[in-house]
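K.L.:
Return a 3D structure for these sequence lines:
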Amino acid sequence: MLKTHNCGELRPHHVGQNVTLAGWVHRQRDHGGLIFVDLRDRWGIVQIVTDPNHAPQAHQQAARLRQEYVVQVHGTVRLRPEGLVNPRMETGEIEVLADEIVVLNPARTPPFPLFEETPVEESLRLKYRYLDLRRQRMQRNLILRHRVVKFIRDFMDAHGFVEIETPILFKSTPEGARDYLVPSRLHPGKFYALPQSPQQLKQLLMVAGFERYFQIARCFRDEDLRGDRQPEFTQLDVEMSFVKREDVMALIEELMIGIVENCTDRRLLTKPFPRLSYAEAMARYGTDKPDLRFGMELVDISDLVAGSNYGIFASTVTAGGQVKGIRVPGCAGYSRRQIDELTALAQKEGAAGLAWLALSPEGEVRSSFARFLTEEQVQAIIARMEGQPGDLMLFVADRPPVVAAVLSALRLEMGERLGLRDPHVLAFGWIIDFPLFEWNEEEHRWDPSHHLFTAPMPEDLPLLDTDPGAARGQQYDLVCNGEEIAGGSIRIHRREVQEKVFELIGLDVEDARQRFGHMLEAFEYGTPPHGGIASGIDRLAMLLAGEDSIREVMAFPKTGQALDLMANAPSPVDPKQLAELHIRIVEEK
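P.N.:
Numbering: from 1, shown residues only. All right, here's what the predicted structure looks like:
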């Protein structure tokens, strides 16, 4: 080894020891007589001191050092002089008096600062990702991710699970997003697909009798990206035999509590995790992935304004729509400009406009619509909203899906403005009793709301023949701070039920056999009842690290346009490779 100790491990009990350190020059400070060098490695930072009277050559070498030079230092650990202790550094009580400094490799000046957390344009960070990853924040994030994955593996092993790898090259099947296709050289005109998830394979492992499987699985989806999506991602994949919904949920809840309490300094808002039905989540929060760190729930006032003289409210209710609102505490003094900003946000989410009512600290009403209502109607609305002096109430009148989307967005915006979305607090919750199907108006068929292997609730099985839209699936989602963290279900394990679902979603018998023949055949060989769940490691790590994007917890992510700026990928390939694969590029006109 080129070093005897790590930079971050030196403490007062090392005083007097001769040590050899190696790392990167974090910064260099020339104080005239003495030169100070902060030396950094993965474990931390330690201060090196060079004294021309003690080691003149080391002092001369220190004068030539620049940021990010890779150096080796031989020296003696000593206590810092009285009054110069740095309580902000873990090694702040000691320093190393250098006897010799060896430059192992010089470095060009980095394109952005690495020793301070200054804002850097993301494309520049991604182009020089190997430098960005040297920054303490990024190293902290990736080490946190490592600890989370290690905890998961130890936890799953202790609970009797076997980690089994599944193929990266598999069959293209419809699972909700576009597949990444891989052409076969040996079988011209045929393709593998990169897995969107190991869904079918983990179910087949239950047929194989392993009973408890997990995998830290790489998955690939060719879909439009956003802050919490990447074309390639990692998930904890779990499948269990002979279980009911409660068994899977209890296991994952125990795992998540353990991760938070053992790997982070974050605070759980509640445990056990609360449970909401899909209908309840939509009614109270306007979304099936609510942020449970704060209230500000949606309140329905449709019955109070039906038949009122305010035409927008009354006509909406008559047409089958609804009028709902949220109460924002302490914002009654919002200016017209601030109200206009919220109106613009509502319109961006699909609303025609935004109605509002402010209750001053003195109890006076200021509103965009109150003049059209009677005093009794206004007071009834305030009472229903549980309005208090100083509150601002925001209302949307439209079709239920629009009302839900708009008020959900306004709720998150106001929660952010009021500081109610504390990143150090983690509010987990379960969403259950999802509809099994959603009606696809364009295709005139049912689509699975989760995936096509989700079993219906046992009592809703007859509805597949009479009213599929009313059937509930044995699905469960784990949400945290407004993000979906995990999703799973009890699976269909009987062939006739699976074939019925195929029929409802528009897959004929021959098409189903071609795409899923291996699954249907396997179900005839004694398939146990089983269920599972998948949790996004990237998204979980993002929340645990307090970041806003999963790119901040991935070593080498893509941009929002799925580009690798560092390696310049995707990129053209040699025509010879294309010829071997029997592929020709067709230029767009």
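
K.L.:
Look at D511 and tell me its secondary structure.
P.N.:
Applying DSSP: H, G, I helix; E, B strand; the rest coil to D511 yields a three-state assignment of helix.

K.L.:
measure K190 to R178 for me?
P.N.:
Distance of K190 to R178, computed by Cβ to Cβ, to the nearest Å: 18 Å. Glycine gets a C-beta too; all of them are placed from N, C-alpha and C.

K.L.:
of those two, who's got more company?
P.N.:
Taking neighbours as other Cβ atoms under 10 Å, K190 and R178 compare with R178 leading, 15 against 9.

K.L.:
doesn't F220 make contact with that one?
P.N.:
No - using Cβ atoms under 8 Å as the test, R178 is too far from F220 to be in contact (9.8 Å).

K.L.:
What lies in contact with the longest helix anywhere in the chain?
P.N.:
Secondary structure of the chain per DSSP state H: the longest helix is helix 136-158. Residues outside helix 136-158 that contact it (Cβ atoms under 8 Å, 6 or more residues apart in numbering) are 42, 117, 132-133, 163, 214, 216, 236, 238, 255, 258-259, 262-264, 537, 540-541, 544-545, 547, 552-553, 555.

K.L.:
Would you list the phi and psi of M385?
P.N.:
The phi and psi torsions at M385 (degrees, to the nearest 10) take the values phi -80, psi -10.

K.L.:
Report how many residues lie close to the spatially closest residue to it that is not a sequence neighbour.
P.N.:
Counting by Cβ to Cβ, 6 or more residues apart in numbering, R327 is the residue found nearest to M385 once chain neighbours are left out, at 4.8 Å. Here the number of neighbours of R327 (other Cβ under 10 Å) works out to 23.

K.L.:
so where do the strands sit in the stretch 1-150 of the chain?
P.N.:
With DSSP state E, counting those that start in this stretch applied, the stretch 1-150 of the chain shows strands at 18-30, 35-41, 44-50, 70-79, 94-105, listed in chain order.

K.L.:
ok, how many other residues are close to H451?
P.N.:
The burial count assigned to H451 is 19, neighbours taken as other Cβ under 10 Å.

K.L.:
Helix or strand: which one has it?
P.N.:
When secondary structure is defined using DSSP states H and E, no element contains H451, which sits outside every helix and strand.

K.L.:
Make 255 the first number, not 1, from now on.
P.N.:
Sounds good: first residue 255 from here, last item H705.

K.L.:
ok, it touching Q454?
P.N.:
No - look at H705 against Q454 with Cβ under 8 Å: they stay out of range, at 10.0 Å.

K.L.:
In its sheet, which strands sit next to the helix or strand where A612 lies, and in what direction?
P.N.:
When elements are assigned from DSSP H and E, A612 belongs to strand 609-613. Using DSSP bridges, strand 609-613 pairs in its sheet with strand 619-621 (antiparallel), strand 646-652 (antiparallel).

K.L.:
what's the very next helix or strand once past the shortest one in contact with?
P.N.:
Looking back up the chat, that one is strand 619-621. Using DSSP H and E, the next helix or strand after strand 619-621 towards the C-terminus is helix 629-638. Counting by Cβ under 8 Å, 6+ apart, the neighbours of helix 629-638 from elsewhere in the structure are 553, 555, 558-559, 562, 611, 613, 619, 621, 624, 627, 641, 647.

K.L.:
all strands for the stretch 605-754 of the chain, in order.
P.N.:
Across the stretch 605-754 of the chain, reading from the start of the chain, the strands by DSSP E, counting those that start in this stretch fall at 609-613, 619-621, 646-652, 679-680, 682-686, 691-694, 699-702, 729-734, 737-744.

K.L.:
can you list these in CSV and add distance to F290, mean pLDDT and mean neighbour count?
P.N.:
As requested, the strands of the stretch 605-754 of the chain are exported to CSV (distance: least, Cβ to Cβ, whole Å; pLDDT from 0 to 100; neighbours: other Cβ atoms under 10 Å):
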stretch, distance to F290, mean pLDDT, mean neighbour count
strand 609-613, 57, 97, 22
strand 619-621, 61, 95, 16
strand 646-652, 54, 98, 26
strand 679-680, 39, 98, 20
strand 682-686, 46, 98, 22
strand 691-694, 64, 88, 16
strand 699-702, 63, 85, 18
strand 729-734, 44, 97, 24
strand 737-744, 44, 96, 22
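
K.L.:
Between those, which one is closest to E841.
P.N.:
E841 sits nearest to strand 691-694 of all the strands of the stretch 605-754 of the chain, at 33.8 Å, using Cβ to Cβ.

K.L.:
Need the contact partners of the closest one.
P.N.:
Judged by Cβ under 8 Å, 6+ apart, the contacts made with strand 691-694 from elsewhere in the structure are R699, W700, D701, P702, S703, P722, G723, A725, L758, I759.

K.L.:
Pick out the most distant pair among these.
P.N.:
Using Cβ to Cβ, the contacts of strand 691-694 span at most 14.8 Å, a distance reached by R699 and A725.

K.L.:
just to revisit the earlier point, tell me how far the strand holding A612 is from the chain's mean position?
P.N.:
Mean C-alpha position of strand 609-613 versus that of the full chain (Cα atoms, centre = their mean, to the nearest Å) differs by 34 Å.

K.L.:
Specify the beta-bridge partners of P437.
P.N.:
Residues in beta-bridge contact with P437 (DSSP bridges): F445.

K.L.:
quick one: contacts for it?
P.N.:
Under the criterion of Cβ under 8 Å, 6+ apart, the neighbours of P437 are K444, F445, L835, H836, I837.

K.L.:
Format those residues as TSV; extra columns: distance to L396 and pLDDT.
P.N.:
Converted to TSV, these look like this (distance: Cβ to Cβ, whole Å; pLDDT from 0 to 100):
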residue	distance to L396	pLDDT
K444	38	94
F445	34	94
L835	35	93
H836	40	92
I837	36	92
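
K.L.:
picking that back up, and the strand holding A612, C-alpha only, in CSV?
P.N.:
Output for strand 609-613, consisting of C-alpha atoms alone and laid out as CSV, is shown next (Å, rounded to 0.1, in the frame of the first residue of the first chain):
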residue,chain,number,x,y,z
ALA,A,609,-61.4,30.5,-7.6
TRP,A,610,-60.2,31.8,-4.2
LEU,A,611,-61.4,33.0,-0.8
ALA,A,612,-59.2,34.8,1.8
LEU,A,613,-60.2,35.2,5.4
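
K.L.:
returning to that earlier point: mean confidence (pLDDT) on the next helix or strand after the longest helix of the chain, please.
P.N.:
If you walk from helix 390-412 toward the C-terminus, the next helix or strand you reach (DSSP H and E) is strand 416-417. Strand 416-417 shows an average pLDDT of 98 in the prediction.

K.L.:
one step back: closest to D714 out of the strands paired with strand 609-613?
P.N.:
strand 646-652 (29.7 Å).

K.L.:
how about the closest residue to K425 other than its chain neighbours, what does it touch?
P.N.:
The shortest distance from K425 to any non-neighbouring residue, by Cβ to Cβ, 6+ apart, is to A447 (6.3 Å). For A447, the contacting residues are L423, F424, K425, S426, T427, D433, Y434, L435, V436, taking Cβ under 8 Å, 6+ apart as the criterion.

K.L.:
mind listing the strands for the stretch 405-554 of the chain?
P.N.:
Secondary structure of the stretch 405-554 of the chain (DSSP E, counting those that start in this stretch): strands located at 416-417, 435-437, 445-447, 466-474, 486-495, 521-522, 529-531, 553-554.
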